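Novice: Sharing a sequence plus its predicted fold:
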Number of protein chains: 2
Amino acid sequence: VDKTHEQKALARQQQLTKPPGSLGQLENLAVKIASLQASEIPDLTHVHITVYAADHGVMAEGVSAFPQSVTAAMIRNFASGGAAINVLAQELTAKLDVINVGTVDTLEDIPGVLDKRIDAGTANFCDGPAMTEHQCQQAILIGRDNVLSDIENTQLYIAGEMGIGNTSTATALASAILKCDPADLVGPGTGLDLQSIQHKLTVIQRALKLHADKLEGDILTLLQSLGGFEIAAMVGAYLSCAKQGVPVLIDGFISTTAALTAEKIQPGCKNWFIYSHQSAEPGHKVVLDALDAKPLLKLDMRLGEGSGAAVAVPLLRQACLLHNGMATFEQANISKGDK
Amino acid sequence: VDKTHEQKALARQQQLTKPPGSLGQLENLAVKIASLQASEIPDLTHVHITVYAADHGVMAEGVSAFPQSVTAAMIRNFASGGAAINVLAQELTAKLDVINVGTVDTLEDIPGVLDKRIDAGTANFCDGPAMTEHQCQQAILIGRDNVLSDIENTQLYIAGEMGIGNTSTATALASAILKCDPADLVGPGTGLDLQSIQHKLTVIQRALKLHADKLEGDILTLLQSLGGFEIAAMVGAYLSCAKQGVPVLIDGFISTTAALTAEKIQPGCKNWFIYSHQSAEPGHKVVLDALDAKPLLKLDMRLGEGSGAAVAVPLLRQACLLHNGMATFEQANISKGDK
């Protein structure tokens, strides 16, 4: 993060033809992006969105309103352009990658989908670790490699996810990392009723009990024990973005849990994060608070796929355009006010 | 508002490839726009933004951090493309009109500015009515005529305003309409310190006392007594949009006060309103609450010019695009879930 460009951007915001501060968070965004890009002309033309999809062993416990086959079906939907993230990415003229990190079933060769399937879903973390150490590393490298694959063209990176059952996974992982009660995070996910949420909580509590001996250990072990392939891949992507100096726009509960995991693995990498929205899933606020995050939007979204982040991209672009394109008081020959 | 298209749009949202409700307020927006446009394919390609600028007699009491000459200077800035709303309108490929409804000084002929100057600013409402009845009608007609001027091409209308001193005017008018204490609404405007806000409040209290006999009278008389030319013009524009069936995206405190005035004049016209944001000016929340409005954004903006509404346009467009462009469960051959 470049302090010189931060100061320059702050100074410019004071000179633009508006009362100082009157563009609110758009001013902070412009200054942040200018400092992250070390540029006087912050620019987010080129956005790279990647959806990581995988299945979850904890689905054996019956924790979702949707059957597990939907993960694969949605991968096909991404490939044919019918999902929300397709519509949004097209409007943003963003590069959209779809990566199968580990569906239960082997899928046919699907044009537009990168087949990086690690295994037939993770193992059920109620019975043992979700991943082997090697699998967790594989997933992290998949995320890293995706960031690197188009790094020269990427001005903003968004990681999205798809995986039936993954709010259970994120709730377990975030509760373990934050050492908090999963009852404070658990929620309906794609649409569970109250009774089913209670069951989901019981399942997560069992998992946390089984892995209790790892709660004081390192974060990678927690990720391996309670995470998912797509979550580990996002962690790898975020770590890589921070290392390479690429701003990241964080999406919803699952993505933010991956962001929290990355920050715990490599403290300071959150300097590269911008938080797009607060989702309707109750755990999201808890994880955002743990990152001191102030998300831009609160639209009760809870879809995943990177959709909340994609919806926020125009705000970031507008912040940059205003920063770059407005006249200064001097240019417009306007008095700056006296108070 | 078309109930048939509302029902069709609601039904379609249930069939799109996402958990029902998971696009949150974007779903409500798509349904609302579909019903307002009576269309199965809601579309907001053509946006008409008009900035109404005028001066305020109450400036004689010293109620702003900026000198009154800034109103005219900003009109020139709008004309030369240097203001925030210029940058945003260009990005949105929106039609942008700038109308001088009544600056203190006669301005030179400025290309791109419609000169509809009613008078050399309003009168000081601490001494008498801000406008004559005729002037108030003139202003209302200016707004109406602007809406009608491009009605065939307008899918969404935004009224913005510029007028040094107009948070004082809006605070006085909204307090009178809502019969509430101006202390609950008054704020820093473009950037007053606490002592100056206290002075501003005293000025507004004097005005409300002077016009106390009109508080039980009709809304047009309140608008004439305590309003501004640009506020009355916005009232006229909103009334016209509702009559003509054009959705309106409401901006900040001044614009929402005009929207409240329009709703009081013609109950039900608020059905055509969508609320873009909640500004940092404290009175905005009070006026929004009086309209039962749930604004989309809360970014601490307080600039006016229609800028907050312009910033929200991409959200509305994304809502429409998602509604129109996503695949249905049937098209994608996906199970809809069982709970």
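Specialist: Received, thanks. The shown structure was predicted, so the numbers you read here are calculated from the model rather than taken from an experiment. Numbering: from 1, shown residues only, chains lettered A, B, ... in the order given.

Novice: all strands of the stretch 201-339 of chain A, in order?
Specialist: Remark: strands assigned in the stretch 201-339 of chain A by DSSP state E, counting those that start in this stretch are A:248-250, A:273-275.

Novice: what mean pLDDT does stretch A:151-168 have?
Specialist: Summarised as a single mean, pLDDT over stretch A:151-168 is 98.

Novice: What count of nearby residues applies to the closest residue to chain B within the stretch 151-300 of chain A?
Specialist: Across the stretch 151-300 of chain A, the shortest distance to chain B (Cβ to the nearest Cβ) belongs to A:Asp300, at 3.2 Å. All C-beta spots, glycine's among them, are computed from the backbone N, C-alpha and C. The number of residues packed near A:Asp300 is 17, by other Cβ atoms under 10 Å in any protein chain shown.

Novice: That one: what's it in contact with?
Specialist: A:279-280, B:21, B:24-25 (Cβ atoms under 8 Å, 6 or more residues apart in numbering or on different chains).

Novice: And the strands of the stretch 201-339 of chain A: which comes nearest B:Gln331?
Specialist: strand A:248-250 (29.0 Å; Cβ to Cβ).

Novice: how near is the residue positioned nearest the centre of chain A to A:His323?
Specialist: By Cα atoms, centre = their mean, chain A has its centre lying nearest to A:Ser255, at 3.0 Å. From A:Ser255 across to A:His323, the span is 26 Å (Cβ to Cβ, to the nearest Å).

Novice: what's the answer for A:Ser22, then?
Specialist: A:Ser22 is 14 Å from A:His323, where distance means Cβ to Cβ.

Novice: Report the contact partners of the residue in the stretch 201-339 of chain A that chain B sits nearest to.
Specialist: Closest residue of the stretch 201-339 of chain A to chain B, Cβ to the nearest Cβ: A:Ala327 (2.6 Å). By Cβ under 8 Å, 6+ apart, the contact set of A:Ala327 is A:16-17, B:77, B:80-83.

Novice: next one: phi and psi at it?
Specialist: Phi and psi for A:Ala327, reported as degrees, to the nearest 10, are phi -80, psi 150.

Novice: picking up where we left off before, relative to B:Asp2, which of the contacts of A:Ala327 is nearest.
Specialist: B:Ala83 (36.3 Å).

Novice: Check the contact between that closest one and A:Ser22; I expect there is one.
Specialist: No - counting by Cβ atoms under 8 Å, B:Ala83 does not reach A:Ser22; the two are 11.5 Å apart.

Novice: More neighbours: which of those two?
Specialist: B:Ala83 (31 against 24).

Novice: helix or strand for the closest residue to that one other than its chain neighbours, which one?
Specialist: Distances taken as Cβ to Cβ, 6 or more residues apart in numbering or on different chains put B:Asn77 closest to B:Ala83, at 4.8 Å, once the chain neighbours are dropped. Using DSSP states H and E, B:Asn77 sits in helix B:69-80.

Novice: Contacts for that helix next, please.
Specialist: Residues contacting helix B:69-80 (Cβ under 8 Å, 6+ apart): A:17, A:327, A:332-335, A:337, B:51, B:53-55, B:83, B:85-86, B:96, B:98, B:100, B:103-105, B:107, B:110-113, B:162-164, B:305.

Novice: Next: stretch A:198-213.
Specialist: A:58, A:61-63, A:125-129, A:168, A:171-172, A:175-176, A:182-183, A:186, A:189, A:192, A:215, A:222, A:225-226.

Novice: Mind giving me the PyMOL command for buried ones among the residues you listed?
Specialist: Selection of buried members from the contacts of stretch A:198-213 for PyMOL, criterion 16 or more other Cβ atoms under 10 Å in any protein chain shown:
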select buried, chain A and resi 58+61+63+125+126+129+168+171+172+175+176+182+186+189+192+222+225+226
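
Novice: What about the contacts of stretch A:198-213, which are in strands?
Specialist: The subset of those located in strands under the criterion DSSP state E is empty.

Novice: if we look at chain B, which of the contacts of stretch A:198-213 are close to it?
Specialist: Restricting the contacts of stretch A:198-213 to those near chain B by Cβ under 8 Å from any Cβ of the partner chain leaves A:Leu192.

Novice: Just the pLDDT at A:Pro314, thanks.
Specialist: pLDDT, A:Pro314: 98.

Novice: what's around the residue lying closest to it once chain neighbours are set aside, how many residues?
Specialist: Excluding the flanking residues, the one nearest A:Pro314 by Cβ to Cβ, 6+ apart is B:Pro314, at 3.5 Å. B:Pro314: 23 surrounding residues under other Cβ under 10 Å.

Novice: distance of B:Pro314 from A:Val31?
Specialist: Applying Cβ to Cβ to B:Pro314 and A:Val31 gives a distance of 21 Å.

Novice: A:Gly252 now?
Specialist: For A:Gly252, the distance to A:Val31 equals 25 Å [Cβ to Cβ].

Novice: between these two, which one's more packed in?
Specialist: Legend: neighbour count by other Cβ under 10 Å for A:Gly252 and A:Val31, higher for A:Gly252 (32 against 22).

Novice: how near is that one to A:Leu88?
Specialist: A:Gly252 is 14 Å from A:Leu88, by Cβ to Cβ.

Novice: quick one: common contacting residues for those two?
Specialist: Common neighbours of A:Gly252 and A:Leu88 (Cβ under 8 Å, 6+ apart) are A:Ser307.

Novice: Pull the contacting residues for the nearest residue to A:Ile231 once chain neighbours are set aside.
Specialist: Nearest residue to A:Ile231, sequence neighbours excluded (Cβ to Cβ, 6+ apart): A:Ala258, at 5.0 Å. Counting by Cβ under 8 Å, 6+ apart, A:Ala258 touches A:159, A:161, A:231-232, A:234-235, A:238.

Novice: rerun that using 10 Å as the cut-off
Specialist: The contact partners of A:Ala258, by Cβ atoms under 10 Å, 6 or more residues apart in numbering or on different chains, come to A:52, A:143, A:159, A:161, A:170, A:173-174, A:223, A:227-228, A:230-239, A:250-251, A:287.

Novice: And the buried ones among the residues you listed, selectable in ChimeraX?
Specialist: Listed next is the ChimeraX selection for buried residues among the contacts of A:Ala258, using 16+ other Cβ under 10 Å:
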select /A:52,143,159,161,170,173,174,223,227,228,230,231,232,233,234,235,236,237,238,239,250,251,287
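
Novice: which parts of whichever strand or helix holds A:Ile85 are buried?
Specialist: Element membership of A:Ile85, judged by DSSP H and E, is helix A:84-91. Within helix A:84-91, the residues that qualify as buried are A:84-89, A:91, counting by 16+ other Cβ under 10 Å.

Novice: quick one: that helix near chain B?
Specialist: Yes - Helix A:84-91 comes into contact with chain B (Cβ under 10 Å from any Cβ of the partner chain), by way of A:84-88, A:90-91.

Novice: isn't A:Gly191 right up against A:Ala65?
Specialist: Yes - contact criterion Cβ atoms under 10 Å: A:Gly191 and A:Ala65 qualify, at 4.4 Å.

Novice: So which of the two has more stuff around it?
Specialist: Using other Cβ under 10 Å as the criterion, A:Gly191 and A:Ala65 rank with A:Ala65 on top: 19 against 16.

Novice: Quick one: classify the more buried one as helix, strand or coil.
Specialist: Three-state assignment for A:Ala65 (DSSP: H, G, I helix; E, B strand; the rest coil): coil.

Novice: My guess is it contacts A:Ser168. True?
Specialist: No - A:Ala65 lies out of contact with A:Ser168 (Cβ under 10 Å); the separation is 11.7 Å.

Novice: which residues do B:Ala83 and A:Ser22 both contact?
Specialist: A:16, B:303, B:305, B:307.

Novice: ok now do the last one, which residues does it touch?
Specialist: If you count contacts by Cβ under 10 Å, 6+ apart, B:Ser307 has them with A:18, A:22-24, A:26, A:318, A:322, B:49, B:51, B:83-85, B:87-89, B:158, B:160, B:251-252, B:276-277, B:279, B:301.

Novice: pLDDT score assigned to it?
Specialist: 98.
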